[in-house]
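J.: take a look and give me a structure for this.
(3 chains)
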Amino acid sequence: MKNKEFKTFSTQLGGVSRRDFMKYCTIMAASMGLPLSAGAKIAEAVVSPKRPPVIWLSAQDCTGCTEALLRSTHPTLEHLILDLISLDYHETLSTPSGHLAEEAKAESIKANKGKFILVVDGSVPLKDGGIYCMVAGRPIVDIIKETAAQAAAVVAIGSCSSWGGIPSADPNPTGASPLSKVVTDKPVVCIPGCPPNPYNFLSTVLYFLTFKKLPDLDDKFRPKFAYGRLIHENCERRPHFDAGRFATEFGDENHRKGYCLYKLGCKGPETYNNCPTILFGDVGSGSWPVGTGHPCFGCSEGGVGFHKPLFSKASLHLVTTPDFYPHVVETQGPSVMGTLGGVAVAAAAAGAAYAAVNSAAKTLEEKEEGKK
Amino acid sequence: MDINRRDFLKVASAGGVLLSGVGSAQAREAKPRIKDAVGMLYDSTVCTGCKACVSACKQYNEMPPSFSSNDKLWDDPLDNDSKTLNLIKLYKNGTAAVKDREKDGHAYIKRQCMHCVDAACTSACPVSALKKNEKTGIVMYNVDACIGCRYCQIACPFNIPKFEWEKTFPQIRKCQLCSHRIEKGGYSACAEFCPTGATIFGKMDDLLEEAKKRLTYKPGEYRKYPVARVDGKEKTERLVTPYVPKVYGELDGGGTQVLYLSGVPFEKLGLPDLGPKSVAQQSETIQHTIYKGMIAPIVVLGGLVYLVHKNTKDK
Amino acid sequence: MTKPFKVLMALALLAGLLVVIRFIQGLASVTNMSDGVPWGIWIAYDVVAGTAIACGGYSMALLVYVFNKGEYHALVRPALLASMFGYSLAGLSIFFDIGRYWHAYNLVLPWYANPNSILFEVALCIGTYVFVLWIEFIPAFLEGLRKYKDGLPKFAQNWDLTGLEKVWNKMVFFFIALGVLLPTMHQSSLGTMVVIAGKKLSPLWQTPFLPLEYLLSAITMGYAIVVFESIYAARGLGRPIERDMLSKLSSVIPWILGAYLVIRFGDLLVRGSIMALFAFNYKSLLFIVENALFLYAFVILLSPANREKMKPLFMSGVAILLAGSLYRFNSYLIALTPGPGWYYFPSFSECIITFGLIAFEIMAYLYIVKKFPVLPKVGHA
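T.: Here you go, the predicted model:
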């Protein structure tokens, strides 16, 4: 990246220093598990004048994902990314609204056919022809289908578009469905969470810009660098779990000591996400649900969040060894209950045998005496 | 009592022939170590009880967790079992303050199949389901042969073979020294994933040499200990602590292919005090003495046929 | 159907049901056997003690056909029947006990055979011996068929069984010889089986002389069961007791029992293992009980006067059977421990299955003894 390029660039952005800019790109690379040298590549892509446009469609969303993004970064960087990605349509952030916004969107799609990134937040209602979410007079499902057909890549941000989220909770009256049910001809990259950690989304987009391909995805199309591990595997309270130290009631002694929240219903053992590692809001350690003392409820995991009761115990996807050990000699054998029946039968049999032998002996003796 | 003198003498003399056979007992020779046998060396003083070996074994043998607590939260078996082929146990005494000290101390011990040189289980198994691999010396289990009689469990002095009691179609389970990984050029998972070098894999000659060398080290000095493989490049430098002056498994029970070093007496760690003679040797000596070549049974049968025929002829 | 018979039948049926559960759900569902105690009462009683108790046929064959004491001939058939049932049910128990029973035929496949294994020899011996016993029972079976000819289905009524009887008579000596060789082999080898347990078996029982001790005690138990059975069956079925035969037969027992006791204690004293007695734990106690019972029987039967009286005869028979069974229970189960921490007691289902098999055996024995010519003819001297 030439210094001249950067200089023109930097004035546009309220004067971010090249050093800070490189630092941010390096941090972004690290958060994706990429080697630090990738930071330089990311920086190149970011300042490159060829910025693909992004169309952001919202279905049954709550705007939480957008809000999280807005709060995610140093304002300068956020503007940087959003400006650089050329956000051509976003219901909350676009300057125009109504017909003008729709016109702008149509133009952008026409001009950038096959080149733009489609991001969708919110689940898509499919029941009754999709009438439960109408935008610009049309069911959003139709709008999404049309738009996705012409997109280069499709990203589902948030739990709702990734797997259904809160609108899909039982009894799901609107038929709220994940984006992947609507867009079936292309892979739909999912960034679940309610809201998702904004860095997971930003890193994925930057990766795509830099390397022109998607990062490694798991079987649910979630980027592995963020969703490859269970929360349980990186939780700072894990040693308490391994040692059997649990809070059993909110506010009890163990809860105050910061013990494991498994018994209060923490879904960390069955939720894949990187919350304990990168936390939320850039405000320091402990800034995530478990860190504040509330069990994780699995907001990013389909089948867990908004499905399993908040305080019911999680199923353990990975069972590992505890912090304690078996001793060289351990008492092992059947339980007391398991032996009582046998003891009873054995005693009865012994009694019966004794009686039989005794009576036989007696009769024999009598017979002998009788004979004599 | 009035037994026919002649018949009695006949039977007694046959018995005498047999008993004289006992006297000149053709003792079954002790089995020697296989030349290129592989095995492991576990040094309890190097072990930190991290249980990476337990997790690795579970993973690479596709074994499910084994629960001993009601909550079923951890893979916490009390002993090796049909799902736990390798386990770390804790020795604890008094305050357990000092590691590798017998009194008021604690130590770790790794338990898995010892892959004995003269394995009792291979001698006991009536259908050869347990056999020593001729090249590696690993005691291998063949589920297709096994009838589930569990005589191997009775025979093993270390109580290693475990049985799947809860299954409808059960089998015996025990450590196979990751022979499925060795086949592909790898080695035992427990040794590969041990971070400290407490468990190392290698050829028996090299392991014995390494073990004996460690017994010459002086407590308090710093020495390089190999990690993962005895012939590997990775070494770790550590402070030597006192050892019990014996390599367990060199001769015990006829010798094993997993050797042990410890700072605490081996019996305290659950490793039994066996003499140098394997139980397989003792059992087979008796059996071969009586039945070698099936000579005695055939001779006796001959005698019996003769006698019985004579005694039933006129009836 | 008498009340005792009904009880036996209920027991046998319940056992049958539990056996079905065993096969559907696995061994843990009906037994308390574990990795620390892999052999429970199904082996210790059903197989080891049970076959020793079923040594009546063996002991009588020894006496009548090898030592040619024809005067005991009448006692052979009932002994044979009890042996046949005892061994067959031991075989059945083995099928219930082994975990991979569908592979049982591997025992006879030469590429799997391991002649170094004591169990290999015991399994083949017992398997063959069961057939020998069935074959030896053929004449009694054929005579019975003849008696109930009219009750047989039509196609079976005109079978000419005399040909079969002739063949049998020509070949029987070979089977009788086998029927003496095979128990000698496997009853002694049942002792050798626990040698491989090494120090896991208490020194009060572990010895290279195990095969000899097992053999001698098995023969003794064989005579004891004949005495016990004759008296019990006679009393139960209202027949006269074979006094003379029994008193003479019982004079054999002290010799064999004496030899057993000499070897047992001599070995313990010479090797110093007797010191384990002074550990004063449950093993010492069981050792004392086991040998007290043997000694009691030995002393009683030494006196000719006692051998004439039915009660001492009966009690000594019971004592020997108890002592011999306890000896086997001790060496296979109670004094055989993998190490500290393990404990075992058979479960309810485990006991019911064992007792159910015994109940079935008793029912079958009584039925056959009534219908087929097994018991000595009344009036036999």
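J.: look up how far C:G236 lies from the residue nearest the centre of chain A.
T.: Nearest residue to the geometric centre of chain A (Cα atoms, centre = their mean): A:S300, 3.3 Å. The gap separating A:S300 from C:G236 is 78 Å, by Cβ to Cβ, to the nearest Å. (C-beta placed from N, C-alpha, C; glycine too.)
J.: mind listing what A:G338 touches?
T.: C:N32, C:S347 (Cβ atoms under 8 Å, 6 or more residues apart in numbering or on different chains).
J.: just the helices in chain B please.
T.: Taking DSSP state H as the test, the helices found in chain B are B:5-23, B:52-60, B:120-124, B:151-155, B:179-182, B:189-193, B:204-216, B:279-291, B:295-312.
J.: now tabulate the ones you listed in TSV and tack on mean neighbour count.
T.: Shown next, in TSV, are the helices of chain B (neighbours: other Cβ atoms under 10 Å in any protein chain shown):
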stretch	mean neighbour count
helix B:5-23	13
helix B:52-60	20
helix B:120-124	27
helix B:151-155	28
helix B:179-182	15
helix B:189-193	23
helix B:204-216	17
helix B:279-291	22
helix B:295-312	17
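J.: C:A359: what's it in contact with?
T.: C:V7, C:L8, C:M9, C:L11, C:A12, C:A15.
J.: in PyMOL, select just the buried ones from those.
T.: Buried residues among these (16 or more other Cβ atoms under 10 Å in any protein chain shown), as a PyMOL selection:
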select buried, chain C and resi 8+11+12+15
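J.: ok, so of the contacts of C:A359, who is nearest chain B?
T.: Chain B lies nearest to C:A15 out of these, by Cβ to the nearest Cβ, at 19.4 Å.
J.: the closest one is in contact with C:F360, isn't it?
T.: Yes: in terms of Cβ atoms under 8 Å, C:A15 counts as a neighbour of C:F360; the distance is 7.4 Å.
J.: shared neighbours of the two, anything?
T.: In contact with both C:A15 and C:F360: no residue, using Cβ under 8 Å, 6+ apart.
J.: helix, strand or coil for the residue nearest to the centre of chain A?
T.: Put simply, A:S300 is coil when judged by DSSP: H, G, I helix; E, B strand; the rest coil.
J.: strands - which of the contacts of C:A359 land there?
T.: Using DSSP state E, no member of these sits in strands.
J.: what about chain B: which of the contacts of C:A359 touch it?
T.: Contacts with chain B are made by none of these, judged by Cβ under 8 Å from any Cβ of the partner chain.
J.: now render the contacts of C:A359 as CSV, adding pLDDT.
T.: Listed next are the contacts of C:A359 as CSV, based on pLDDT from 0 to 100:
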residue, pLDDT
C:V7, 89
C:L8, 91
C:M9, 93
C:L11, 93
C:A12, 95
C:A15, 96
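J.: quick one: contacts for the closest residue to chain C within the stretch 51-200 of chain A?
T.: Distances between the stretch 51-200 of chain A and chain C by Cβ to the nearest Cβ are smallest at A:D170, namely 35.8 Å. By Cβ under 8 Å, 6+ apart, A:D170 lies in contact with A:H307.
J.: so how far is chain B from it?
T.: 27 Å (Cβ to the nearest Cβ, to the nearest Å).
J.: do the same with C:R243
T.: The value you get for C:R243 to chain B, if Cβ to the nearest Cβ is used, is 17 Å.
J.: need the contact list for that residue.
T.: Contacts of C:R243 (Cβ under 8 Å, 6+ apart): C:E308, C:M310.
J.: low-scoring stretches of chain A, by residue?
T.: For chain A, applying pLDDT under 70 flags the ranges A:1-16, A:45-50, A:72-84, A:371-372.
J.: domain parsing for it?
T.: Residue ranges for the domains of chain A, per automatic domain parsing: A:3-227, A:229-324.
J.: any chance of the ones you listed in JSON lines, plus distance to C:F372?
T.: Shown next, in JSON lines, are these (distance: least, Cβ to Cβ, whole Å):
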{"stretch": "domain A:3-227", "distance to C:F372": "71"}
{"stretch": "domain A:229-324", "distance to C:F372": "61"}
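J.: residues contacting the nearest residue to C:D35 once chain neighbours are set aside?
T.: Nearest residue to C:D35, sequence neighbours excluded (Cβ to Cβ, 6 or more residues apart in numbering or on different chains): B:K162, at 4.9 Å. Residues near B:K162 by Cβ under 8 Å, 6+ apart: B:N80, B:D81, B:S82, B:T84, B:Q153, B:I172, B:R173, B:K174, C:D35.
J.: and these, which of them are in strands?
T.: B:I172, B:R173.
J.: so which of the contacts of B:K162 wins on neighbours?
T.: Looking at those with neighbours defined as other Cβ atoms under 10 Å in any protein chain shown, the largest count falls to B:T84 at 27 neighbours.
J.: any idea how far that residue lies from chain A?
T.: Distance of B:T84 to chain A, computed by Cβ to the nearest Cβ: 10 Å.
J.: what's the pLDDT at the closest residue to that residue other than its chain neighbours?
T.: Closest residue to B:T84 apart from its sequence neighbours, by Cβ to Cβ, 6+ apart: B:P77 at 4.5 Å. Predicted confidence (pLDDT) for B:P77: 96.
J.: what distance do you get for B:P77 to B:P65?
T.: For B:P77, the distance to B:P65 equals 9 Å [Cβ to Cβ].
J.: quick check, the residue in the stretch 1-150 of chain C closest to chain B?
T.: C:G99 (2.5 Å).
J.: mind listing what that residue touches?
T.: Contacts of C:G99 by Cβ under 8 Å, 6+ apart are B:I147, B:G148, B:C149, B:R150, B:F163, B:E164, B:P170, B:Q171, C:L27.
J.: which residue is the nearest non-sequential neighbour of the residue of the stretch 151-300 of chain B found nearest chain A?
T.: Chain A sits closest to B:G270 of the stretch 151-300 of chain B, with a gap of 4.3 Å, by Cβ to the nearest Cβ. Once flanking residues are discounted, B:G270 sits nearest to A:V328: 4.3 Å by Cβ to Cβ, 6+ apart.
J.: ok, now how distant is that neighbour from B:K58?
T.: Taking Cβ to Cβ, one finds A:V328 at 21 Å from B:K58.
J.: again with A:K313
T.: Taken as Cβ to Cβ, the span from A:K313 to B:K58 is 23 Å.
J.: and stretch C:99-111, how far out from the chain middle?
T.: Stretch C:99-111 has its C-alpha centroid displaced from the chain centroid by 24 Å (Cα atoms, centre = their mean, to the nearest Å).
J.: residue ranges with poor pLDDT in the stretch 1-150 of chain B?
T.: Looking at the stretch 1-150 of chain B by pLDDT under 70, you get B:1-27.
J.: got the residues of it near chain A?
T.: Within the stretch 1-150 of chain B, the residues that sit near chain A (Cβ under 8 Å from any Cβ) are B:49, B:51, B:54-55, B:65, B:68, B:73-79, B:87-92, B:108-109.
J.: show me which helix runs longest in the chain.
T.: All of this is about chain A. Per DSSP H, chain A has its longest helix at helix A:336-371.
J.: not quite, I wanted chain C
T.: Criterion DSSP H: the longest helix present in chain C is helix C:161-192.
J.: tell me if it is near chain B.
T.: Yes: residues of helix C:161-192 contacting chain B under Cβ under 8 Å from any Cβ: C:172-174, C:176-178, C:180-181, C:184-185, C:188-189, C:192.
J.: what about that helix, average pLDDT?
T.: Per-residue scores along helix C:161-192 average to 89.
J.: over to stretch C:127-139?
T.: 91.
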